[in-house]
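In: show me how the following folds:
(one chain, ligands or ions: 2)
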Amino acid sequence: MYNGIAASRGIGIGSICVIAEHELKYDAVKVEDTESEKARFDSAVEKFKKETAEMAEDIRKRIGPKEAEILEGHLVMMSDPSMSGEMGKMIAAGQCAESAVEAVCDMFIGMFSKMDDDMMRQRASDISDIKVSLLKILLGIEDIDISKVAPGTILVARDLTPSMTSQIVKENVAGIITEVGGKTSHSAILARALEIPAVLSVPDITNLVKDKDTAIVDGTEGNVYINPEGDILSQYIIKREDYIKKQAELKGFLGKETVTADGINLELFCNIGTPKDAKKAVECDGEGVGLFRSEFLFMDNTKMPTEDEQFAAYKEAAETLGGKPVIIRTLDVGGDKDIPYLNIKKEENPFLGYRAVRYCLGNRDNYMIQLRAIVRASAFGKVKIMVPLVTCVEEIRAVKEMVAEIKKDFGEKNIAYDKDIEIGCMIETASASLIADLLAKESDFFSIGTNDLTQYTMSVDRGNADVAYLYSTFQPSVLRSIKHIIECGVEAGIPVGMCGEAAADPLMIPLLISFGLTEFSVNPVLVLTARCIISKWTKKEADDLAGKVMSLETEAEIQKLLKESAKE
Ligand code: PEP
Ligand code: MG
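Out: Numbering: from 1, shown residues only. Ligands and ions are numbered 1, 2, ... in the order given. Okay, the predicted model is just below:
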């Protein structure tokens, strides 16, 4: 078995076709007739643009506009005079077209690949694609026609460029294995869009296999089997059938309400980090945004985003959701989330230190900017404000006072905003849980952050592998805390949601139904799975199970019972 990055879920079984890499060799001779060399280069660039535009159009039609953007980006880059202009200059100075293309592309690849930002590094791989395509045109090398592979083919390549991927006929390709590329690489994006199982970054795989070998691609776990034993093959044939059945079942939940088996309507929201993710939330059928982690706007910047910049981002998310709720969490800096330009001093215990609402209330001018931006955005959708890491009543009162001041100012200046904008607490500390009854009187809603609630209840650093064995939301103490928070919210008549990872955990869902949680906020890709699980439980069944679970004494017993009771 070989292991790689699980880049596109599902199981593919089939016969291997290795896409050999051509050696892009040429003699870097000095060119005398620079004019005709430039003409040869220009016609290669024209051919590149024409072919790329055709492929982009094809991808747009067959896969979607978002995926076509990758190739459209290549066109934009090649039309940028800083790339082709530089190449032209080198040719005018006597270099052959191939070496001019290689030198300029390598210069840009080197520059982009050193950058910290994932998007910028992706640009390096775009330019690498452009370089290979241009060199192939100049050297007259024809690629293997992937559109002609037989049904049940597993493609194996060093890398799968967008141009190769554009030729894929979904029905014929059972899986993809590559030697390079990560979860956010183009191969991964396109494989996911085409719903083809893919495992990437399997070292040396092109040399370890040959054409017609049988392969299993487990894109969910990131495993690859070559010429597997009969029992492994038969196990995977069953797994593949189960997976296909499950996917078909999940698709049936698209566009449906989130409702328990006995007809209780619940809300299924999404966790997002950027306005772009808001689109994903809509595409994945989220019924709102339960957590907009606004700190990503601050992290993706080299300085504090201005009120207008923040307003634009919040407004975009609000408009994308078209009137469905968007809960924006105010800056949750500190702990494991560092924002260098804020110059927060190093602390012995950052998770117990100057973070989130504590930092914000200590830096009111900056907090005012963020709150103003959010309140302004409330004129464009159903925006709500959520305060992270609350530990005492004074904190939520202080934020409410600031918002009241902003409303007064906006009223005087005739700036539009939602007069009923709600302000809620994230309940993610032991203290907030213990005073949930008091906080409920001050809040329009609660959202339980189980990632931190588990950390602070169990006194385990959520990132420390040595104590990870204690970090479980199924610990009796954490479950009691969750139940208590929900009960306090219900008692006070405010809605209680959950935006920690536990909201999407299939084992946790029946307990949350029983405790009375009304809003589940999950990663967009988990919306349908969560909706499907919710649909399988009646309140009575969930109550019976929760009753038994809450009488157990250890985490292991609880997990065991929940696993035994899980509904597939
Ligand atoms: C949480 O703590 O559960 C949560 C959702 O917030 P974060 O993971 O961003 O700390
Ligand atoms: Mg948190």
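In: relative to Lys324, how far out is Val289?
Out: Separation of Val289 from Lys324 (Cβ to Cβ, to the nearest Å): 8 Å. Yep, even glycine has a C-beta here, placed from its N, CA and C like the rest.
In: which one's more surrounded, the two?
Out: Val289 (30 against 18; other Cβ atoms under 10 Å).
In: quick one, grab the pLDDT at that one.
Out: According to the prediction, Val289 has pLDDT 98.
In: mind listing what it touches?
Out: 269-272, 278, 281, 317, 321, 324-327, 521 (Cβ atoms under 8 Å, 6 or more residues apart in numbering).
In: isn't Cys96 right next to Val29, touching?
Out: Yes - with contact defined as Cβ atoms under 8 Å, Cys96 and Val29 form a contacting pair (5.9 Å).
In: who has more neighbours out of the two?
Out: It is Cys96, of Cys96 and Val29, that has more neighbours when counted by other Cβ under 10 Å, with 21 against 11.
In: can you tell me how far the residue nearest to that one when sequence neighbours are not counted is from Val525?
Out: Residue nearest to Cys96 in three dimensions, not counting chain neighbours: Val31, with 5.2 Å by Cβ to Cβ, 6 or more residues apart in numbering. In this view, Val31 and Val525 are 52 Å apart by Cβ to Cβ.
In: for these two, indicate the residue with more neighbours.
Out: Val31 (20 against 13).
In: got a pLDDT number for the more buried one?
Out: So, for Val31, pLDDT stands at 90.
In: again, but for Asn301
Out: pLDDT, Asn301: 81.
In: show me the contacts for it.
Out: Tyr341.
In: let's see 10 Å
Out: Going by Cβ atoms under 10 Å, 6 or more residues apart in numbering, Asn301 touches Glu309, Ile339, Tyr341.
In: for ChimeraX, write a command that selects the buried ones of these.
Out: In ChimeraX, this line selects whichever of the contacts of Asn301 come out buried by 16 or more other Cβ atoms under 10 Å:
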select :339
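In: from the contacts of Asn301, pick the one nearest ligand 1.
Out: Of all the contacts of Asn301, Ile339 has the smallest distance to ligand 1: 13.6 Å, by Cβ to the nearest ligand atom.
In: pretty sure that closest one is touching Asn363, no?
Out: No - look at Ile339 against Asn363 with Cβ atoms under 10 Å: they stay out of range, at 11.7 Å.
In: which neighbours do those two have in common?
Out: Common neighbours of Ile339 and Asn363, using Cβ under 10 Å, 6+ apart, are Met304, Leu331, Val333.
In: quick one: pLDDT of the closest residue to ligand 2 within the chain?
Out: In the chain, no residue comes nearer to ligand 2 than Asp452, which is 3.6 Å away by Cβ to the ion. Here, the pLDDT recorded for Asp452 equals 95.
In: equivalent analysis for the one 3 residues further on, please.
Out: Reading off the confidence values, Gln455 has pLDDT 95.
In: my read is it is in a helix, agree?
Out: Yes - when DSSP: H, G, I helix; E, B strand; the rest coil is applied, Gln455 is found to be in a helix.
In: tell me how many other residues surround it.
Out: Using other Cβ under 10 Å, Gln455 has 24 other residues around it.
In: also Asp145?
Out: Residues contacting Asp145 under the criterion other Cβ under 10 Å number 8.
In: please identify the helix or strand for Gly290.
Out: Using DSSP states H and E, Gly290 sits within strand 289-293.
In: after that strand comes which helix or strand?
Out: That would be, after strand 289-293 and using DSSP H and E, helix 295-299.
In: how about the next helix-or-strand element following that following helix, which residues are buried there?
Out: On the C-terminal side of helix 295-299, the closest following helix or strand by DSSP H and E is helix 307-320. Using 16+ other Cβ under 10 Å as the test for burial, helix 307-320 gives Glu307, Gln310, Phe311, Ala312, Ala313, Tyr314, Lys315, Glu316, Ala317, Ala318, Thr320.
In: near ligand 2, list only the ones from these.
Out: For ligand 2, no contacts are drawn from the buried residues of helix 307-320 by Cβ under 5 Å from the ion.
In: quick one: these as JSON lines, columns for distance to ligand 1 too.
Out: Listed next are the buried residues of helix 307-320 as JSON lines, based on distance: Cβ to the nearest ligand atom, whole Å:
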{"residue": "Glu307", "distance to ligand 1": "23"}
{"residue": "Gln310", "distance to ligand 1": "18"}
{"residue": "Phe311", "distance to ligand 1": "22"}
{"residue": "Ala312", "distance to ligand 1": "22"}
{"residue": "Ala313", "distance to ligand 1": "17"}
{"residue": "Tyr314", "distance to ligand 1": "17"}
{"residue": "Lys315", "distance to ligand 1": "22"}
{"residue": "Glu316", "distance to ligand 1": "21"}
{"residue": "Ala317", "distance to ligand 1": "16"}
{"residue": "Ala318", "distance to ligand 1": "20"}
{"residue": "Thr320", "distance to ligand 1": "21"}
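In: now render those residues as TSV, adding distance to Val460 and pLDDT.
Out: Shown next, in TSV, are the buried residues of helix 307-320 (distance: Cβ to Cβ, whole Å; pLDDT from 0 to 100):
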residue	distance to Val460	pLDDT
Glu307	38	97
Gln310	33	97
Phe311	38	98
Ala312	39	97
Ala313	33	96
Tyr314	33	97
Lys315	39	98
Glu316	37	97
Ala317	33	97
Ala318	36	98
Thr320	36	97
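In: farthest pair in the residues you listed?
Out: Greatest spatial distance among those (Cβ to Cβ): Glu307 and Thr320, at 20.2 Å.
In: that older thread, looking at pLDDT only, which of the contacts of Asn301 scores worst?
Out: Ile339 (87).
In: coming back round to it: closest to Met550 out of the buried residues of helix 307-320?
Out: Distances from Met550 to the buried residues of helix 307-320, taken as Cβ to Cβ, are shortest for Ala317 (37.3 Å).
In: I figured that closest one hits Gly381, correct?
Out: Yes - taking Cβ under 10 Å as the definition, Ala317 is a contact partner of Gly381 at 7.8 Å.
In: pull up the overlap in contacts between these two.
Out: With Cβ under 10 Å, 6+ apart as the test, Ala317 and Gly381 both reach Ala278, Val289, Val326.
In: distance of the first one from Glu307?
Out: Just to be clear, that refers to Ala278. 20 Å.
In: can you pull the phi/psi pair for the closest residue to Gly463 other than its chain neighbours?
Out: Excluding the flanking residues, the one nearest Gly463 by Cβ to Cβ, 6+ apart is Asp336, at 5.8 Å. Phi and psi for Asp336, reported as degrees, to the nearest 10, are phi -90, psi 0.
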